[in-house]
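In: Need a 3D model of the sequence below.
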Amino acid sequence: MSNLRLIIASTSTVFGSGYLEYLRPELINHFQDIDEILFIPFAQPGGISMDDYTEHARSYFRQIGIKIRGIHSENNSIDLVKNAQGIFVGGGNSFILINELHKSKLIDPIRKLLLSGKPYLGTSAGSNILGPSIMTTNDMPIVYPPSFKALNLVPFLINPHFVTPDVRSKHMGETRDMRIKEFLHFNKKRVVGLREGSYFILKDGILSLKGTESARVFQFGIEPIELGSGQNFQFLLSNT
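Out: As a prediction, the model looks like this:
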C-alpha cells in the first residue's frame, strides 16, 4: 500500500468553479513528469457519450500540458492499462462503471498498475471504485454488473457527494446517514462520507484529507465522527 499514489475526490466540479479547477495545483504535482494519462469514461454522467466525455477531460488536461488517451477508443484496453503512465477514472454512474470494468476484465490490471506506484485520479464514481465494493454509491442500479466488488485498494468504502442532514428540511425520506447505517448493519466495514470540495491524498502510505470540508466517518456500533483537514486518518487504512 505504501506505493499507492491516489487522489480520491468526491467530485470533479465544485460550486462556482470550472471542471477540475479546484484540484489544479494537486494535479500538476500528482502527474508531474507524465505526458499522457489513460482516461476511463465508462461512468458516462448524464448519459454523455464516451467520446464527448473524453474530449471534456482532454480539454482540461491540455491546459496543464498533459495528453488524454481514451481507453474506449482502442481494442487493446488491457494492454493500455498495463502501459499507462497514470489513470483518471471520471464520475458518473458507479454501476455502469463497475459493469464495464468487470466485462472488460480490467479490475486486476488496474490494481496491479496502481500497486506499482502509478498515479491515479478518481472523481465521484472513480473514487467509489477504490474501496472493496461500490455498495455505498448514491447511484441508481441502471445496469446489472457481474459483481459489486471493486479495486479494493483502500479498506474503507466511500460515499461521494456526502450531504449532512438538514434539520430544517421537510423531507421525510431517508437521509444519507440512515442509508449508510443500513449498509453497516449488514457490512461491518468503515464508510467515509466525502463532501464536495474535499478529497483524500494517499501517498507514501499517508492518507490526508484536503479541501474545504470535513469528512464523516461511519463505523458499525459507533456514532459517526467528523474529521477535518490536518487530522489523523491513518486508522482508515487498517482492516480492523
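In: if we look at stretch 34-52, which residues are touching it?
Out: For stretch 34-52, contacts defined as CB atoms under 8 Å, 6 or more residues apart in numbering pick out 31, 53-54, 56-58, 61, 65-73, 80-81, 84-94, 96-97, 99-101, 106, 119, 121, 124-126. From N, CA and C alone the C-beta is placed, and that goes for glycine too.
In: Looking at the residues you listed, which are in strands?
Out: Judged by DSSP state E, strands contain the following of the contacts of stretch 34-52: 67-70, 87-89, 119, 121.
In: Identify, from those, the entry nearest to residue 143.
Out: The nearest member of those to residue 143, counting by CB to CB, is residue 89 at 16.7 Å.
In: any idea how far the closest one lies from residue 230?
Out: 27 Å (CB to CB, to the nearest Å).
In: Same drill for the two, tell me which one is more crowded.
Out: The neighbour count for residue 89 versus residue 230, taken as other CB atoms under 10 Å, is higher for residue 89 (27 against 9).
In: per-residue pLDDT, the residue nearest to that one when sequence neighbours are not counted?
Out: Leaving aside its chain neighbours, residue 89 sits nearest to residue 126 (3.3 Å; criterion: CB to CB, 6 or more residues apart in numbering). Here, the pLDDT recorded for residue 126 equals 98.
In: With the one 4 residues further on instead?
Out: Looking at residue 130, its pLDDT is 98.
In: separation between it and residue 226?
Out: For residue 130, the distance to residue 226 equals 22 Å [CB to CB].
In: who has more neighbours, the two?
Out: Neighbour totals were compared for residue 130 and residue 226, and residue 130 leads with 24 against 12 (other CB under 10 Å).
In: Name the SS class of that one, please.
Out: With DSSP: H, G, I helix; E, B strand; the rest coil as the basis, the three-state label of residue 130 is coil.
In: Next one: residue 82 relative to residue 152, how far apart?
Out: Distance of residue 82 to residue 152, given as CB to CB: 19 Å.
In: can you check residue 122 too?
Out: Per CB to CB, residue 122 is found 14 Å from residue 152.
In: do the same with residue 162
Out: 21 Å.
In: Report back the residue of the protein that's furthest from centre.
Out: The centre of the chain is farthest from one residue, residue 170, which by CA atoms, centre = their mean lies 30.8 Å away.
In: you'd agree it is in a helix?
Out: No - using three-state DSSP, the secondary structure at residue 170 is coil, not a helix.
In: ok, which stretches of this structure are helices?
Out: Taking DSSP state H as the criterion, the chain contains helices spanning 24-30, 50-61, 77-82, 94-103, 107-115, 125-128, 176-186.
In: Which strands or helices does the shortest one pack on?
Out: Using 3 or more CB pairs under 8 Å, 6 or more residues apart in numbering; DSSP states H and E, the elements in contact with helix 125-128 are strand 5-9, strand 87-89, helix 94-103, strand 157-160.
In: So what are the sheet partners of the shortest one and their directions?
Out: According to DSSP bridges, the neighbouring strands of strand 87-89, each with its direction, are strand 36-40 (parallel), strand 119-123 (parallel).
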